[in-house]
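> fold the following and give me the result.
(one chain, ligands or ions: 1)
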Amino acid sequence: MNIDESIKILKRDIHKCVQKVAISVRKYDDTAVRMALVALEKQITVKPIILDILIGDIDYACPLCGKRVMSDAETKSNYCNECGCKFDWSEIDEID
Ligand SMILES: [Zn+2]
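Numbering: from 1, shown residues only. Take a look at the predicted model:
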């Protein structure tokens, strides 16, 4: 099972309509499921938005939170230090 499939299953598992008797228990369960969803969604790699590539430096922005970063191309981060999402640098690494 991949991350996308896990997310679909967990989203289906969040209770959208609940009976009054079970509300407190289910709300607690739903919180756990929502927390798992947030953690899983951050594991999906996203391609950073490349704004500029200078000699040895790369200027990019996170596609999820918009955080702009100027970094050394060699030591660029694999994760956004603002929202924690994972970056996919494969295309950029191919250019190098
Ligand atoms: Zn971000």
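> C-alpha from now on. contacts and neighbour counts both.
Fine.
> what's the offset of the longest helix seen in the chain from the middle of its chain?
Longest helix in the chain by number of residues (criterion: DSSP state H): helix 23-41. Distance of helix 23-41 from its chain centroid, counting by CA atoms, centre = their mean, to the nearest Å, is 17 Å.
> where does the residue nearest the centre of the chain land on pLDDT?
For the chain, residue 42 is the residue whose C-alpha lies nearest the centre (CA atoms, centre = their mean; 2.6 Å). Looking at residue 42, its pLDDT is 79.
> can you give me the distance of it to residue 10?
Plainly put, residue 42 is 15 Å away from residue 10 if you go by CA to CA, to the nearest Å.
> same deal with residue 40?
10 Å.
> and residue 93, by the same measure?
33 Å.
> tell me which of these two has more neighbours.
Using other CA atoms under 10 Å as the criterion, residue 93 and residue 10 rank with residue 10 on top: 15 against 10.
> quick one: name the residues of this structure near the ion.
62, 65, 80, 82-83 (CA under 5 Å from the ion).
> which members of those residues are classed as buried?
62, 80 (16 or more other CA atoms under 10 Å).
> with pLDDT, distance to residue 33 and secondary structure added, can I get the residues of the chain next to the ion in TSV?
Below are the residues of the chain next to the ion laid out as TSV (pLDDT from 0 to 100; distance: CA to CA, whole Å; DSSP: H, G, I helix; E, B strand; the rest coil):
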residue	pLDDT	distance to residue 33	secondary structure
62	94	25	coil
65	91	22	coil
80	93	23	coil
82	92	23	coil
83	89	19	coil
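> need the residues of the chain next to the ion in CSV with distance to residue 1, can you?
Formatted as CSV, the residues of the chain next to the ion follow (distance: CA to CA, whole Å):
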residue, distance to residue 1
62, 27
65, 27
80, 25
82, 28
83, 25
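> pretty sure residue 69 is in a strand, no?
Yes. Under DSSP: H, G, I helix; E, B strand; the rest coil, residue 69 sits within a strand.
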